[in-house]
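Novice: sequence first, then the predicted structure:
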Amino acid sequence: KAGVTQTPRYLIKTRGQQVTLSCSPISGHRSVSWYQQTPGQGLQFLFEYFSETQRNKGNFPGRFSGRQFSNSRSEMNVSTLELGDSALYLCASSSQGRSEAFFGQGTRLTVV
Amino acid sequence: AQSVTQLDSQVPVFEEAPVELRCNYSSSVSVYLFWYVQYPNQGLQLLLKYLSGSTLVESINGFEAEFNKSQTSFHLRKPSVHISDTAEYFCAVSGDQGNLIFGKGTKLSVKP
């Protein structure tokens, strides 16, 4: 069974630009969650999608958004990038909400 | 609010020595607990989980953790570490909304 796939692995963007990150969950998993990892704040929950609906949301500004498609693939978008958005963005999939989550390799976003 | 505290940010240890990485949590009634490991420039890998049942859980590579409800702890132990165990370890609790709440991480450094 293939694992969670995130693309791209690395991105460099300029302040003010927007970016879209992609995540393909494990086959059969309907829940996809996104996390931001930074040295200062650690791992922080962004949002969770389940069957194309945002089910939960963390404490991030509206510049951070996401969506999920009918095949459970998910995208995350960050608009008007700031230097502080530089981070490792991790996607996790699970079969249902509170069971174990399986993570992708992450997308390393650098904002310059 | 639920939270996870990892008491040690760094743990240096010699190869073949035992190690304990400490984790305390605060949570409501039902608790799902996890340990994840992260190698450099990688995503998170699930090491072991406590969902219910036996309070002692084991991983395939020799790690174990014990759920202690009275002390609200979920410490990770290994009787004999290898160089390859060098990584950052994260303790997590499943939040009320189904998302994972992580500790700040413990960097395990195994020296020859």
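Specialist: Perfect, thanks for sending it. Numbers count the residues shown, from 1 in each chain, chains lettered A, B, ... in the order given.
Novice: where does B:Tyr25 land in three-state SS?
Specialist: Secondary structure state of B:Tyr25, per DSSP: H, G, I helix; E, B strand; the rest coil, is strand.
Novice: I'd assumed B:Ala1 was in contact with it.
Specialist: No - between B:Tyr25 and B:Ala1 there is no contact under CB atoms under 8 Å: 11.5 Å. Just so you know, the C-beta spots here come from the backbone N, C-alpha and C atoms, and that holds for glycine as well.
Novice: and those two? which has more neighbours close in?
Specialist: The residue with more neighbours, out of B:Tyr25 and B:Ala1 and counting by other CB atoms under 10 Å in any protein chain shown, is B:Tyr25; that gives 20 against 8.
Novice: okay, and the beta partners of the more buried one?
Specialist: B:Val4 (DSSP bridges).
Novice: what sits against B:Phe34?
Specialist: By CB atoms under 8 Å, 6 or more residues apart in numbering or on different chains, the residues touching B:Phe34 are A:100, B:46-50, B:91-94, B:100.
Novice: okay, now the closest residue to chain A within chain B: neighbour count?
Specialist: Per CB to the nearest CB, B:Gly98 is where chain B lies closest to chain A, at 3.3 Å. If you count neighbours by other CB under 10 Å, B:Gly98 ends up with 20.
Novice: the residue nearest to A:Thr20 when sequence neighbours are not counted: which element?
Specialist: When the adjacent residues along the chain are set aside, A:Thr20 lies closest to A:Asn77, with 5.0 Å between them (CB to CB, 6 or more residues apart in numbering or on different chains). Using DSSP states H and E, A:Asn77 maps to strand A:74-78.
Novice: quick check: mean pLDDT of that strand?
Specialist: For strand A:74-78, mean pLDDT is 98.
Novice: strand partners (parallel or antiparallel) of it?
Specialist: Paired neighbours of strand A:74-78 in the sheet (DSSP bridges): strand A:19-24 (antiparallel), strand A:64-68 (antiparallel).
Novice: after the helix or strand hosting B:Ala92, next one along is what?
Specialist: B:Ala92 belongs to strand B:87-94 when elements are defined using DSSP H and E. Past strand B:87-94, further along toward the C-terminus, the next helix or strand under DSSP H and E is strand B:100-102.
Novice: contact partners for the nearest residue to B:Pro40 once chain neighbours are set aside?
Specialist: Nearest residue to B:Pro40 in three dimensions, chain neighbours excluded: B:Ala87, at 7.9 Å (CB to CB, 6+ apart). Neighbouring residues of B:Ala87 by CB under 8 Å, 6+ apart: B:37-40, B:107-108.
Novice: top of the contacts of B:Phe34 by neighbour count?
Specialist: B:Cys91 (29 neighbours).
Novice: that residue against B:Ile101, yeah?
Specialist: No - applying CB under 8 Å, one finds B:Cys91 not in contact with B:Ile101, separated by 9.6 Å.
Novice: give me phi/psi at the residue most central in space within chain A?
Specialist: Centroid-nearest residue in chain A, with CA atoms, centre = their mean: A:Trp34, separated by 3.4 Å. Dihedral pair for A:Trp34: phi -120, psi 140, per degrees, to the nearest 10.
Novice: what residues does chain A put near chain B?
Specialist: Proximity of chain A to chain B, by CB under 8 Å from any CB of the partner chain, involves residues A:4, A:6, A:31, A:33, A:35, A:42-43, A:45, A:48, A:55-56, A:58, A:90, A:92, A:97-106, A:108.
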